[in-house]
Structure formats: C-alpha cells, structure tokens
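Engineer: just to be clear, the model below is a prediction. Sequence and coordinates:
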Amino acid sequence: MRELQSAASRLGLSQLAVTSAEPLELAGPAWQGWIAAGRRGAMDYLSEGQRADPRSILPQARSVICVAMPYATNTPFIPLGRLAQKPVERKAVGELAGYAQGQDYHPLLWNRLLALGDILADLAGRPVLGRPCVDTAPLLERALAARAGLGFVGKNGLLIAPGGSSLLLLGELLVDVELPPGAPMKDRCGECTNCLSACPTAAFVGPYVLDARRCIAYLTIELQGPIPRDLRALIGTRVFGCDVCQSVCPFNAPNAQARVGSAPELTSRRSTLSLIELLELGASRYRSVVRRSALRRVSRAQLARNAAVALGNLGDPQHTASLYRAAQEHSSVVVREHATWALGRLGAECELRALSAEAQPEAVRVEACRSLSELLDRTADAT
Ligand code: B12
Ligand code: SF4
Ligand code: SF4
C-alpha cells in the first residue's frame with residue numbers, strides 16, 4: 001500500500017484509499033430512494049445500472065482504488081456572514097465553477113489511473129485486470145471514496161478530504177487484486193449548516209440530500225431545455241456550475257487549500273467568460289472555448305441560454321440590443337425565449353411589445369406577453 005500511495009502522489013494525486021468491491025450497503029438504498037423521489041430531474045442515466053455494485057462494471061473486481069485530484073479555483077472562499085455583502089459583479093461576465101477553470105479533468109484522471117494500474121501490476125508481479133472510472137461508469141463514486149476512508153461526505157454531499165478540502169475530483173480503478181481496505185471516517189461537519197442555508201436555490205432537501213432539479217450545476221450544465229422560470233433569477237451570473245456550497249465551507253478556507261495544493265493542469269486559467277460573447281457564440285468560436293475543458297459537456301445553445309439568464313440577472317439596459325437580436329434571430333427557440341425573459345428583467349418594454357406581436361415562435365410570444373404584463377405591474381406598483 002505504501003508503494004501505491006507514493007506512486008499516487010508522484011502522479012499528482014492528493015489522496016489514495018482502497019475499499020473492497022462488495023456492494024455499498026447504505027448508499028444503495030439511499031440512491032434508489034433518491035431516484036424514486038424524482039430528484040435526478042432529466043438525468044435518466046442516473047437510474048441505470050447497479051450503481052452501488054462495482055462488480056456490475058467489472059465482475060472480476062476484488063478492490064476499488066479511489067483517488068482524488070485537487071483543483072485550484074479563483075472562486076473565493078466566503079465566510080457565511082459575508083455572503084450577503086459580496087459586491088455585485090457589474091461586468092458582463094459569467095462565472096465558471098472552479099473545477100471547470102482549468103483543463104478537462106476526465107482524461108487527466110483517466111491516464112493517471114491507467115498508470116497506477118501499471119504500477120500495481122509491477123508490484124503484484126502479474127498482469128492486472130483493471131477498469132478506470134471517472135464519471136464514466138454507473139458508480140456511486142462519493143460513497144465508495146467515503147467507505148475507503150479517502151474522506152467523509154459533508155452535509156453538502158461532497159467528499160471532504162481529511163486535513164484538506166472538498167475541492168477535489170474523484171476517480172476509481174477497479175482491480176482484480178485483493179488489497180487491504182481502509183476504514184470510513186467520522187462525519188466532521190458537527191453543528192455547521194453553512195452550505196444548507198447558503199445555497200441560492202434552496203436545493204438541499206436536508207443534510208446530505210440534494211434535489212438536483214434545483215441545483216445550479218444541473219440547471220446550467222445537465223438540463224438541455226428551458227430552465228424553470230422561477231429559478232432563473234436565483235442563478236445570478238453563473239453560466240457553468242456553482243460553488244456556493246463549497247465557498248462557505250470551513251474545510252475550504254484558504255489555509256486548507258494552500259496545504260493541499262492543486263494539480264497544475266487543473267489550476268485556473270480563466271474563471272469567467274464574456275456574456276455577450278457566449279450569447280453570440282458561433283460554431284468555430286464555441287469549439288475553441290470548450291476545447292480541452294470540462295465545458296465541452298454543454299452545447300452552444302446551452303451556453304447562450306445561460307448567458308441570456310445571466311444578462312437578465314445583471315439587469316444592465318446597455319445589453320438590450322444584443323438580447324433583442326438573440327430573441328429574434330438565435331437558431332435555438334430555447335435561447336430566444338430566455339433572451340425574451342431577460343429583456344423583461346431589463347425593463348425593455350418596446351422590445352417586449354414587438355416580440356409579443358411579431359410572428360415569433362409560440363414560446364417567445366408567450367414569454368413576451370408574460371414579461372410585459374409583469375413589467376407593467378411593476379411600473380404600476382412604483383407609481
Ligand atoms: C449526477 C452528478 C451531479 C448532479 C447531481 C448531484 C448529486 N448530489 O447527486 C449535479 C449536476 C447536480 C452535480 C453537481 C455537482 N457535482 Co457532480 N456528479 C454527479 C455524478 C456524475 C453522479 C452523482 C450521483 O450518482 N448522484 C446520485 C446520489 C444519490 O448519489 P451521491 O450524492 O453521489 O451519493 C450519496 C448517497 O449515496 C448518500 N449516501 C451514502 N450512504 C448514505 C447513507 C445514508 C443514511 C444517507 C442518508 C445517504 C447516504 O451519500 C452519498 C454522497 O452524498 C458524480 C460522479 C459519480 N459517478 O459519482 C459527480 C460528482 C459527484 N460531482 C462532482 C462535483 C465536483 C460537482 C459540483 C461541485 C460541480 C459544480 N461546482 O458545479 C456540484 C456539487 C453539487 C452538490 N452539492 O452535490 C464530483 C464531487 C467531488 C467531491 N469532492 O465530492 C463528482 C464525484 C465527480 C468526480 N468524478 O469528481 N453533480
Ligand atoms: S452547487 Fe450551488 S445550487 Fe447546487 S447545491 Fe451547491 S450551492 Fe446549491
Ligand atoms: S459547510 Fe459546514 S455543514 Fe456544509 S459540508 Fe462544510 S462543514 Fe459540513
């Protein structure tokens with residue numbers, strides 16, 4: 001084990017822990033209950049497979065090697081009391097979640113897991129049957145890492161490493177080698193509930209349980225169609241994921257982050273993107289924006305949709321012309337409808353009148369009429 005640990009740290013992995021390939025006893029029913037309650041939203045793939053049983057992926061598996069790769073983020077740590085005082089960003093830029101600020105972690109972790117498999121084969125003195133997993137297989141990665149003792153699951157549902165933070169990404173190597181398993185750690189959240197109360201969309205049903213349908217990561221990344229209207233105003237200027245439940249966590253205070261460090265490839269190279277650029281993104285610019293980045297998970301239309309929502313929340317009338325153009329011309333009706341919603345937030349009465357009358361797709365006309373009537377109500381209340 002010591003050799004494996006040091007091989008992992010040579011590979012830039014901050015943690016390595018092992019658990020058996022036996023099914024997860026508690027997490028299995030918790031996952032099924034979560035699915036039955038409909039909390040997965042449109043992520044159909046989450047109900048597929050036997051996610052609590054590693055052997056459903058590799059029947060010969062005897063052990064699961066769980067690893068973590070830390071990332072650095074430009075998203076600041078915000079003690080809870082200061083969240084409300086955070087200055088409103090007036091620049092027309094959209095925020096990216098920390099894990100998406102550097103290179104795409106999937107191939108990086110995958111290659112390190114393959115290298116770890118080679119090292120294990122050398123140590124075992126025989127070929128090793130292994131299967132790397134990084135979001136790529138139906139597996140409850142956090143629950144496995146917790147059983148291995150790599151860290152504990154916090155009330156925000158994220159795996160927090162001892163003496164470290166939750167700013168890490170997980171990967172697993174299923175192997176046909178029997179290795180000594182680690183022991184789970186105790187939950188160290190104590191009385192703290194910062195993450196639960198700070199979530200902008202009230203996405204936590206309770207400690208440890210998230211309703212993904214309300215989570216900004218789901219709304220901006222996983223959801224393909226329209227974002228529920230009542231949640232749009234709560235998203236702020238986030239265009240890809242969200243870090244609030246991590247930014248307020250004492251385990252992510254700057255001193256902890258400094259202690260753990262980060263993989264150089266995952267170090268932030270950009271933490272924001274221009275909203276107007278995203279709204280007007282062409283196919284070739286889209287390819288260069290998402291290249292070698294976790295952003296490739298979202299389509300051009302999703303990025304434009306998210307930018308429209310963020311511009312609406314920014315509320316700066318100087319973006320009226322760009323939004324009006326998108327509402328009339330964008331190739332995606334979803335983007336056109338969100339741009340119309342944003343025009344309502346900007347108080348663009350003339351543009352809304354035009355959109356409600358013109359021969360627009362039904363979704364655009366309906367949104368224009370609704371936004372217009374809300375706008376007129378607001379104006380009447382103010383006078
Ligand atoms: C789908 C998914 C999402 C969905 C749903 C999230 C969710 N909470 O389920 C959405 C899009 C919302 C999402 C958001 C994020 N995600 Co995500 N996501 C996944 C993915 C692909 C599957 C997760 C899953 O199966 N969810 C279903 C639920 C049931 O499972 P679970 O929460 O993972 O497991 C819980 C239960 O089993 C429960 N449990 C276990 N035993 C018991 C016992 C009892 C008694 C109880 C009550 C519960 C319980 O605890 C487990 C941990 O919470 C995983 C990768 C993977 N394959 O695991 C990444 C993963 C979980 N995501 C990750 C990240 C980084 C994020 C974000 C931080 C990204 C961002 N900045 O925007 C946010 C964080 C939101 C949050 N607070 O959870 C990392 C987490 C790393 C870490 N340190 O924990 C993972 C592991 C990806 C990776 N390979 O690193 N994600
Ligand atoms: S990622 Fe953001 S929206 Fe999702 S649970 Fe955490 S704080 Fe809430
Ligand atoms: S914010 Fe507090 S309750 Fe939430 S995970 Fe961190 S320590 Fe636990």
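Structural biologist: Right, received. Where do you want to start? Ligands and ions are numbered 1, 2, ... in the order given.

Engineer: around ligand 1, pick out the residues from the stretch 101-250 of the chain.
Structural biologist: Neighbours of ligand 1 within the stretch 101-250 of the chain, by CB under 6 Å from any ligand atom: 134-135, 139-143, 153, 156-159, 166, 168-170, 208, 210, 212, 215, 217-218, 221-222, 241-243, 245. In short, each C-beta sits where N, CA and C put it, glycine included.

Engineer: which of those residues are buried? Put it as a PyMOL command.
Structural biologist: Here is the PyMOL selection string for the buried members of these, based on 16 or more other CB atoms under 10 Å:
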select buried, resi 134+139+140+141+142+143+153+156+157+158+159+166+168+169+170+208+210+212+215+217+218+221+222+241+242+243+245
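
Engineer: show me which of the residues of the stretch 101-250 of the chain next to ligand 1 neighbour ligand 2.
Structural biologist: By CB under 6 Å from any ligand atom, the members of these lying near ligand 2 are L210, C215, A217, C242, C245.

Engineer: tell me the one among those nearest to ligand 3.
Structural biologist: Distance to ligand 3 across those (CB to the nearest ligand atom) is lowest for C245, with 6.7 Å.

Engineer: pull the CA atoms of the host helix or strand of that closest one into CSV?
Structural biologist: C245 belongs to helix 244-247 when elements are defined using DSSP states H and E. The C-alpha coordinates for helix 244-247 follow below in CSV (Å, rounded to 0.1, in the frame of the first residue of the first chain):
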residue,chain,number,x,y,z
VAL,A,244,-21.5,28.4,-3.2
CYS,A,245,-22.0,25.3,-1.0
GLN,A,246,-18.2,24.8,-1.2
SER,A,247,-17.3,28.5,-0.9
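
Engineer: would you mark the buried spots in it?
Structural biologist: V244, C245, Q246, S247.

Engineer: now pLDDT too, for these, in a markdown table please.
Structural biologist: Converted to a markdown table, the buried residues of helix 244-247 look like this (pLDDT from 0 to 100):
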| residue | pLDDT |
| --- | --- |
| V244 | 97 |
| C245 | 97 |
| Q246 | 96 |
| S247 | 95 |
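
Engineer: list just the nearest of those to L352.
Structural biologist: Nearest to L352 among the buried residues of helix 244-247, counting by CB to CB, is V244 at 31.2 Å.

Engineer: surely that closest one touches S197?
Structural biologist: No: with contact defined as CB atoms under 8 Å, V244 does not reach S197; the gap is 10.4 Å.

Engineer: picking that back up, now the two most distant members of the ones next to ligand 2 among the residues of the stretch 101-250 of the chain next to ligand 1.
Structural biologist: For those, and using CB to CB, no pair is farther apart than L210 and C242, which are 11.5 Å apart.

Engineer: report the contact partners of the closest residue in space to D53 that isn't next to it in sequence.
Structural biologist: Leaving aside its chain neighbours, D53 sits nearest to P23 (4.2 Å; criterion: CB to CB, 6 or more residues apart in numbering). By CB atoms under 8 Å, 6 or more residues apart in numbering, the residues touching P23 are Q50, A52, D53, P54, R55.

Engineer: count of residues packed around the second one?
Structural biologist: For A52, the tally of surrounding residues (other CB atoms under 10 Å) stands at 22.

Engineer: that one in helix, strand or coil?
Structural biologist: Classification of A52 by DSSP: H, G, I helix; E, B strand; the rest coil places it in coil.

Engineer: so where do the strands sit in the protein?
Structural biologist: With strands called from DSSP state E, the chain shows them at 15-20, 63-70, 93-96, 130-133, 152-153, 159-160, 168-175, 204-206, 209-210, 238-240, 272-274.

Engineer: returning to that earlier point: same for the helix holding C245, what does it pack against?
Structural biologist: helix 194-198 (3 or more CB pairs under 8 Å, 6 or more residues apart in numbering; DSSP states H and E).

Engineer: ok, residues contacting the helix it packs on?
Structural biologist: Applying CB under 8 Å, 6+ apart, the external contacts of helix 194-198 come out as 80, 83, 154-156, 204, 206-207, 244-250.

Engineer: how about low-confidence regions in this protein?
Structural biologist: Within the chain, the segments meeting pLDDT under 70 span 76, 79-90, 256-260.

Engineer: write out the residues of it neighbouring ligand 3.
Structural biologist: So the chain meets ligand 3 at G154, K155, N156, C189, C192, T193, N194, C195, V248, C249, P250, F251 (CB under 6 Å from any ligand atom).

Engineer: show me which pair in the residues you listed is furthest apart.
Structural biologist: T193 and F251 (13.8 Å).

Engineer: between these two, who's got more neighbours?
Structural biologist: F251 (24 against 14).

Engineer: for A68, give its distance to ligand 1.
Structural biologist: 7 Å (CB to the nearest ligand atom, to the nearest Å).

Engineer: E265: neighbour count?
Structural biologist: Neighbourhood size, E265 [other CB under 10 Å]: 16.

Engineer: ok, it - contacts?
Structural biologist: Each residue near E265 by CB under 8 Å, 6+ apart is listed here: G12, G102, Q103, L108.

Engineer: which of the residues you listed has the most neighbours?
Structural biologist: Highest neighbour count within the contacts of E265: G102, with 23 neighbours (other CB under 10 Å).
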